[in-house]
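Novice: pasting the structure only:
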Ligand code: C2E
Ligand code: CA
Ligand code: CA
């Protein structure tokens with residue numbers, strides 16, 4: 001580094017004459033420490049001083065006495081610079097911060113040049129100070145910034161995504177409660193920047209038209225829900241999806257927004273985001289999903305969708321009380337159609353099948369699926385009982401056997417349907433499928449059309465035989481017992497009788513529900529001895545209670561087989577005599593299905609039993625299909641509305657209508673009505689309002705053992 005000799009300096013700064021000469025050294029030190037190059041020129045433009053920075057480029061000795069023009073030959077326009085310099089010297093008017101560009105050895109540099117006139121005491125310009133600051137780095141940074149800004153603008157403006165910035169005026173305090181923040185954001189966020197793509201979403205021509213619009217007026221673009229998700233997620237939205245209703249002609253669009261909020265000192269000041277229309281991706285995805293889940297020939301759900309639907313339903317069951325059915329349909333001799341009429345005809349039959357099956361399902365929840373070939377499945381997620389599944393099975397069968405029109409030839413198909421029931425038979429999908437399959441093969445081989453799974457059909461099920469043996473032992477060796485559930489008279493609100501419900505305490509598996517062992521008993525000639533055991537114990541207990549002073553009746557459930565059994569009347573007579581009980585204190589509950597088997601025989605047996613004073617009631621009324629008028633021809637005094645209608649009658653209008661109208665119809669025919677499955681006081685009150693005669697259900701009491709029932713009789717508010 002070359003320092004200009006001090007002696008010269010002192011001599012040559014003529015322009016600083018008014019400056020205290022004793023402080024010249026101080027002045028020179030200041031100038032030398034400045035980061036700008038400083039030149040002092042006399043009024044003729046001759047260099048007479050340079051500071052240390054200037055000397056770095058040209059040692060003072062080289063430039064002293066030269067014209068400034070000589071030094072700046074590589075400047076963009078040296079003559080112009082010289083002219084300006086002379087103008088300052090002439091006029092005494094300073095010129096500041098003029099940008100000069102230089103090219104030295106091919107390198108571009110930028111300088112900011114101040115030309116400051118120096119005057120003497122008479123205000124005569126005696127020289128000019130040039131302050132030259134290298135601003136190359138600043139200019140480059142500015143340029144880079146400008147370029148990146150331009151790139152950023154181009155990116156934003158050409159983007160197919162809507163890009164936006166909302167400013168919060170004033171900012172929102174992030175310590176406030178979420179609801180308050182959401183409210184304030186919606187009120188205070190103003191659109192500060194966006195591209196035309198966003199404007200288009202507002203139905204505006206360009207961005208200028210929408211800048212300044214508050215967030216709460218952005219309509220479907222950002223509902224309260226999104227803002228609240230944004231706040232909850234820490235001022236972020238990640239690919240949050242929403243549907244935007246288009247104009248009247250447009251279909252709804254699926255939009256996706258990603259956004260980030262800027263929080264400064266605990267205040268949300270603005271938010272940036274991108275919103276894109278993903279409708280077409282979504283459509284593609286939906287279409288792919290559709291293809292993966294549907295059969296291409298019939299457009300019905302395929303096996304994958306059926307399985308996932310069943311699994312989901314099983315997993316999301318609200319309570320265990322719900323029954324479901326799986327029906328497997330296999331066309332009979334479908335191969336013949338294919339072989340004789342050709343595959344196109346076969347395809348046509350399969351295509352016509354789907355709509356037919358679906359039409360049958362229209363009043364009921366369910367899914368029709370094609371499993372492949374000529375195999376279909378129907379899932380019924382909500383049935384009242386297995387009987388209803390059988391009835392549906394027959395309806396499906398009927399609709400399939402309607403002739404098909406194939407290329408002007410009328411042809412017929414028949415089918416076999418196997419049914420499995422959840423949860424009484426199978427508790428998981430694969431067992432449901434297997435059982436429905438076993439039942440379907442049984443239906444096919446036995447030419448039955450429709451058949452419900454039975455362990456008997458199933459060569460792989462060891463449980464049936466084992467259960468039959470154990471049940472036989474139970475009947476013999478007192479492994480059975482009765483539970484008693486009270487029936488309440490709605491006029492007095494007091495108990496008038498008990499229903500005897502059979503229980504089997506299996507030595508290994510524990511309590512077996514009657515729904516599981518009664519069907520087994522029915523198929524193995526055990527029903528009669530079992531019913532005799534029930535009748536004997538029920539009648540005996542009723543007599544005991546009556547002898548203790550409780551005026552109550554006993555109701556006994558009969559199975560279809562019992563009602564057509566000649567031995568029944570004499571057995572009842574014998575038991576009544578043995579326990580000294582009048583027949584009028586005994587009630588027999590039968591189901592409608594008994595009347596379908598052999599109605600003539602049933603009528604005869606029932607009339608003989610009725611002669612003993614015993615009354616009959618029809619159980620599970622509403623689930624079968626017999627009419628009230630038909631029942632009237634039998635000695636029936638009461639009907640029990642099935643609990644499936646009563647349980648949810650306050651939530652299901654349909655059920656409530658059935659209950660109410662059944663009560664009215666029955667009363668018109670002189671038949672009394674019992675509602676079973678009363679679980680709440682509300683249902684109890686409503687039935688009272690509808691003039692129901694009596695009720696039974698968990699609201700009053702669950703079925704109880706003899707001991708518990710006896711205690712209940714002595715202490716309950718429902719008892720005497
Ligand atoms: P059921 O004759 O319709 O008996 C009523 C069933 O509903 C009983 O189930 C009872 O526990 C249940 N129940 C009563 N109140 C309510 C309620 O408020 N809510 C709900 N969710 N359920 C209630 P259980 O004891 O399991 O009996 C099932 C079926 O087994 C009986 O239906 C009946 O058909 C049959 N059964 C029971 N004992 C015998 C019998 O000795 N002989 C014959 N043949 N069948 C019997
Ligand atoms: Ca019953
Ligand atoms: Ca019932």
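Specialist: It's in. For clarity, every value in this text was computed on a predicted model and none was experimentally measured. Ligands and ions are numbered 1, 2, ... in the order given.

Novice: Residue 235: neighbour count?
Specialist: Using other C-beta atoms under 10 Å, residue 235 has 18 other residues around it. To be clear about C-beta, it is placed using only N, CA and C from the backbone, and glycine gets the same treatment.

Novice: how near is it to residue 67?
Specialist: Distance, residue 235 to residue 67, using C-beta to C-beta, to the nearest Å: 64 Å.

Novice: Same question for residue 188.
Specialist: Computed as C-beta to C-beta, the residue 188 to residue 67 distance reads 63 Å.

Novice: between those two, which one's more packed in?
Specialist: Per other C-beta under 10 Å, whichever of residue 188 and residue 67 has more neighbours is residue 188, with 18 against 15.

Novice: tell me the secondary structure for the closest residue to that one other than its chain neighbours?
Specialist: Of all residues not flanking residue 188 in the chain, residue 168 sits nearest, at 4.9 Å (C-beta to C-beta, 6 or more residues apart in numbering). Assigned state for residue 168: strand (three-state reduction, DSSP: H, G, I helix; E, B strand; the rest coil).

Novice: In contact with residue 168, which residues are there?
Specialist: Contacts for residue 168 (C-beta atoms under 8 Å, 6 or more residues apart in numbering) come out as 184-185, 188-190, 267-271.

Novice: quick one: contacts for residue 358?
Specialist: The neighbourhood of residue 358, defined by C-beta under 8 Å, 6+ apart, consists of residue 368.

Novice: give me the element it is part of.
Specialist: Using DSSP states H and E, residue 358 maps to helix 343-360.

Novice: quick one: low-confidence ranges for the stretch 451-600 of the chain?
Specialist: Within the stretch 451-600 of the chain, the set of residues satisfying pLDDT under 70 comprises 458-466, 509, 595-597.

Novice: where along it do the strands fall?
Specialist: Applying DSSP state E, counting those that start in this stretch to the stretch 451-600 of the chain gives strands spanning 480-489, 494-506, 510-512, 553-557, 586-591.

Novice: quick one, which of those is nearest to residue 90?
Specialist: strand 510-512 (118.3 Å; C-beta to C-beta).

Novice: That closest one: partners in the sheet, and parallel or antiparallel?
Specialist: Strand 510-512 sits in its sheet next to strand 494-506 (antiparallel), going by DSSP bridges.

Novice: Let me see the ranges of the helices in the stretch 601-720 of the chain.
Specialist: Ranges of helices in the stretch 601-720 of the chain, per DSSP state H, counting those that start in this stretch, are 628-632, 643-646, 653-668, 681-689, 706-715.

Novice: Turn those helices into a markdown table, including mean pLDDT.
Specialist: Shown next, in a markdown table, are the helices of the stretch 601-720 of the chain (pLDDT from 0 to 100):
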| stretch | mean pLDDT |
| --- | --- |
| helix 628-632 | 71 |
| helix 643-646 | 91 |
| helix 653-668 | 91 |
| helix 681-689 | 97 |
| helix 706-715 | 96 |
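
Novice: which stretch among those helices comes nearest ligand 3?
Specialist: Evaluated over those, closeness to ligand 3 peaks at helix 643-646, with 6.0 Å, by C-beta to the ion.

Novice: Which positions in the chain make contact with ligand 1?
Specialist: With C-beta under 6 Å from any ligand atom as the criterion, the chain meets ligand 1 at residues 321, 485, 501-502, 513-515, 518, 534, 557-559, 589, 619-620, 643, 676-679, 696-698, 703.

Novice: Just the buried residues of the residues you listed.
Specialist: 485, 501-502, 518, 534, 557-559, 589, 619-620, 643, 676-678, 696-697, 703 (16 or more other C-beta atoms under 10 Å).

Novice: didn't residue 605 look like it was pressed against residue 566?
Specialist: Yes. Contact criterion C-beta atoms under 8 Å: residue 605 and residue 566 qualify, at 7.0 Å.

Novice: Residue 410: which element?
Specialist: strand 409-411.
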